[in-house]
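Asker: predicted coordinates and the sequence they were generated for:
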Amino acid sequence: MSDTKTDLPRRSTYRHGDLRAALLQAGVELAREGGPQAVVLREATRRAGVVPNAAYRHFASQQELLQAVRSASLAALARAIETEMLQALASLPARRPAAALARASLRAVGTGYMEFAQDEPGLFRTAFSVPDLFKGAPVPEKGGDSGLNPFQLLGTALDKFVVAGLLTPKQRIGADYLAWSAVHGLALLLIEGPLREMPRQQARMVGQRLLDMVEKGIY
C-alpha cells in the first residue's frame, strides 16, 4: 500500500439540505487531524458552516457524532484491508492452492491493518476508541465494500485456513483474537509507542515478520 492518505470523502460546504453528511464529513476530518478527542460537535458545525443548534436534529450529542465517525473510520479501515487483499490475491496464480489463498488472505488483512494505522493514525485511534460513556456498547458495525468489518475480514481469512486443512476447527476457535491482538499491538507501538520514529520501510519489514509469527502461532 502507498503512504498516501486513505481515500475518504472530504468535507464540502453544507449544501442541498444534507446537513448530516456535512457534519459527518467534518467529524471525519477532525478525527483524521487529532483522533477521537478532536471530534467536537461545535467545531464540526463551524466547519459545516451552520450554527450549533442546527446540528441537534442529526446528532443529539457529541457522543452520537463520535459514534458515527467511529463507524466511518471502521469502514475506511475495512476498505483499506479489502484493497490489500485484492492486490495480494491478484498476484497469485489463477489455479492457486487453497493453502496459498489462505496464507495470502491472512497476510493481506494484517498488512492492510498496519498500513492504515500508519497512514491514518487519527482515524485508526478513532475506530477503536471506547470512551467511558460507551462501556458495554458494541463497536458500531460498519463494513467496507464487501459489507464486512475489519474483524469479520480477519475471521473470513482464518476460515480459509480451516478449508485448506491448515487449522482444525478446534484450533480456529479464538484464533482471530490472538491474531488481532498481535497486529493491533504492533500498530499502536508504531503510531504512538516507542517505535513511532521507526522508518517506514523498517516498520514494514517488522510487520511482515510479525505476520510470519502469527501464521505459525495459530497452528
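Answerer: Yep, it's here.

Asker: point to the residue nearest the middle of the protein.
Answerer: For the chain, the residue nearest the mean C-alpha position is Leu77 (2.7 Å; Cα atoms, centre = their mean).

Asker: just the pLDDT for that residue.
Answerer: Here, the pLDDT recorded for Leu77 equals 96.

Asker: wait, isn't it in contact with Phe151?
Answerer: No: taking contacts as Cβ atoms under 8 Å, Leu77 lies outside contact range of Phe151: 10.1 Å. For every residue, glycine as well, the C-beta is placed using N, CA and C.

Asker: element containing the residue nearest to the centre of the chain?
Answerer: When elements are assigned from DSSP states H and E, Leu77 belongs to helix 62-90.

Asker: this structure: helices as residue ranges?
Answerer: 19-34, 41-48, 62-90, 98-119, 121-127, 150-163, 169-172, 175-192, 200-217 (DSSP state H).

Asker: most packed of those helices?
Answerer: Of all the helices of the chain, helix 121-127 has the most neighbours on average by mean count of other Cβ atoms under 10 Å, namely a mean of 24.

Asker: off-centre distance for that helix?
Answerer: Taking Cα atoms, centre = their mean, to the nearest Å, the mean C-alpha location of helix 121-127 is offset from the chain mean by 8 Å.

Asker: that one packs against which elements?
Answerer: When contacts are defined as 3 or more Cβ pairs under 8 Å, 6 or more residues apart in numbering; DSSP states H and E, helix 121-127 packs onto helix 19-34, helix 62-90, helix 98-119, helix 175-192.

Asker: redo the ones you listed as a markdown table? Include distance to Leu211.
Answerer: Below are the helices and strands packed on helix 121-127 laid out as a markdown table (distance: least, Cβ to Cβ, whole Å):
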| stretch | distance to Leu211 |
| --- | --- |
| helix 19-34 | 26 |
| helix 62-90 | 12 |
| helix 98-119 | 5 |
| helix 175-192 | 8 |
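
Asker: tell me which of those approaches Gln201 most closely.
Answerer: With Cβ to Cβ as the criterion, Gln201 lies closest to helix 98-119 of those, at 11.6 Å.

Asker: export the closest one as CSV, just CAs?
Answerer: Taking Å, rounded to 0.1, in the frame of the first residue of the first chain, the C-alpha atoms of helix 98-119 are listed here in CSV:
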residue,chain,number,x,y,z
ALA,A,98,-6.3,-23.4,-1.0
ALA,A,99,-3.3,-23.1,1.4
ALA,A,100,-1.7,-20.3,-0.7
LEU,A,101,-5.0,-18.5,-0.8
ALA,A,102,-5.5,-18.7,2.9
ARG,A,103,-2.0,-17.5,3.7
ALA,A,104,-2.2,-14.6,1.3
SER,A,105,-5.5,-13.6,2.7
LEU,A,106,-4.3,-13.5,6.3
ARG,A,107,-1.2,-11.6,5.4
ALA,A,108,-3.2,-9.1,3.4
VAL,A,109,-5.5,-8.5,6.4
GLY,A,110,-2.6,-7.8,8.7
THR,A,111,-0.7,-5.7,6.2
GLY,A,112,-3.7,-3.6,5.3
TYR,A,113,-4.4,-3.1,9.0
MET,A,114,-0.9,-1.9,9.9
GLU,A,115,-0.5,0.2,6.8
PHE,A,116,-3.8,2.0,7.6
ALA,A,117,-2.7,2.7,11.2
GLN,A,118,0.4,4.4,9.9
ASP,A,119,-1.3,6.2,7.0
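
Asker: could you check the angle that helix makes with helix 150-163?
Answerer: Counting by axes from the mean of the first three to the mean of the last three Cα atoms, to 10 degrees, helix 98-119 lies at 160 degrees to helix 150-163.
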